[in-house]
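> Show me how the following folds:
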Amino acid sequence: MNPYKNGYSVLPQLERLELEESPFHRDENYDHYIEEKKKACKSQQVYLLHNIFLTSRVLSYLEDLINIHANWVKPSYTLDNIAMQLQEDIAIHSAINGKDSLEATHICFPSGWRPEEKIGRPLSEIHAPIPGMNLSNSYKLAETASQQGPFKRFVWSPVFENKINFHPDLPKQKFNPSNPFVKVKVEKQITIPIPKLNCFIFILRQYLVDPVFPDLHNACAGMTPEQRKYKNIDERFLQYLSEKK
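Have a look, this model is predicted:
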C-alpha cells in the first residue's frame, strides 16, 4: 500500500469501495489488535455517545453489514460489543437539517487526536488542526457520505516505532538517525451510507507498511513546514529520506 505515491494532499480524494471489497478484515494480527483495544480501553475514552437514539437505530444496519462481511463477530446489541470484536475502529456521523455531527465513537487507535474532544462536532471542527485542510463546507461532504457510497480513502504518516495507537497521551518517538526505524502508518477510512437516517458509518483500519523511500521523500518534501511539523517530520528525517531515495 502506497497512498503517498502521488505526493501529500489534504483533499478528501474519495474512491468508490468495490462491491467485493469487505470493510472489515480478520488477518494473522487479529488477536494483537483485540489485545491492543483492551489496553486502550483502560486508559482512554474510547466509547462515546452524543446521539443515543440515532446510534441505536444505526446498530441494525451495522449488524446487517457484519452478517455479510464479518461472520466471526458474535451477536451484539451495543456499539461497544461490536467494535471490540473487530480490528477496525468505528464512528457514526450525521448530516441532518444543514448540520453535521459526530454522533458516536469507538476509537481505540486515534492518530494524534482525542475522541472526547471531537464528539458532537462537525467535520470542519474535527479536522481544523490539520494544516491546509479547509472543510468549511463539511456539511456537503457529510451529506454526500450519508447518501452515496460506500467510499474509501487513505491517510498516512511516517512513524518511528512499531505501534498503531497514537493517542496524544502516549509517548511518541521522534526520528532517531543513529538507529533509524521507519514505517508508514496507513489509515484506511471507509464510509458506509445510511440514507434513511441521514448518516454514515465510519470505519477506520490502522496498519503499518514498509516505506517506498523515493515516493516518501517526494511526498514529505512537498509538504509545507506546518504540515511537516504536524506529521512529526524534522530536517534530520528529510535528510535521511534524501539519502535513501
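
> Give the buried residues for stretch 46-55.
46-51, 54-55 (16 or more other C-beta atoms under 10 Å). Yep, even glycine has a C-beta here, placed from its N, CA and C like the rest.

> again, but for stretch 75-94
76, 79, 82-94.

> pLDDT and distance to residue 29 added to the buried residues of stretch 46-55, as JSON lines?
Shown next, in JSON lines, are these (pLDDT from 0 to 100; distance: C-beta to C-beta, whole Å):
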{"residue": "46", "pLDDT": "98", "distance to residue 29": "19"}
{"residue": "47", "pLDDT": "98", "distance to residue 29": "22"}
{"residue": "48", "pLDDT": "98", "distance to residue 29": "26"}
{"residue": "49", "pLDDT": "97", "distance to residue 29": "28"}
{"residue": "50", "pLDDT": "98", "distance to residue 29": "31"}
{"residue": "51", "pLDDT": "97", "distance to residue 29": "32"}
{"residue": "54", "pLDDT": "97", "distance to residue 29": "32"}
{"residue": "55", "pLDDT": "97", "distance to residue 29": "28"}
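
> wait, isn't residue 216 in contact with residue 156?
No - contact criterion C-beta atoms under 8 Å: residue 216 and residue 156 do not qualify, at 9.0 Å.

> which residues do these two both contact?
Taking C-beta atoms under 8 Å, 6 or more residues apart in numbering as the contact rule, residue 216 and residue 156 both touch 4, 184.

> quick one: the strands in the protein?
Ranges of strands in the chain, per DSSP state E, are 15-16, 47-49, 89-96, 99-106, 151-159, 183-194, 199-209.

> okay, the ones you listed in CSV with distance to residue 171 next?
Listed next are the strands of the chain as CSV, based on distance: least, C-beta to C-beta, whole Å:
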stretch, distance to residue 171
strand 15-16, 34
strand 47-49, 24
strand 89-96, 21
strand 99-106, 23
strand 151-159, 13
strand 183-194, 16
strand 199-209, 17
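
> So which of those is nearest residue 25?
strand 199-209 (6.6 Å; C-beta to C-beta).

> tell me the mean pLDDT over that closest one?
Per-residue pLDDT over strand 199-209 has a mean of 98.

> Would you mark the buried spots in that strand?
Buried, per 16+ other C-beta under 10 Å, within strand 199-209: 199-207.

> Partner strands of it, with direction?
Paired neighbours of strand 199-209 in the sheet (DSSP bridges): strand 89-96 (antiparallel), strand 183-194 (antiparallel).

> Tell me which of those strands is the most buried.
strand 89-96 (a mean of 24; mean count of other C-beta atoms under 10 Å).

> Show the average pLDDT along that one.
pLDDT averaged over strand 89-96 gives 98.

> cool, and stretch 7-16?
Per-residue pLDDT over stretch 7-16 has a mean of 92.
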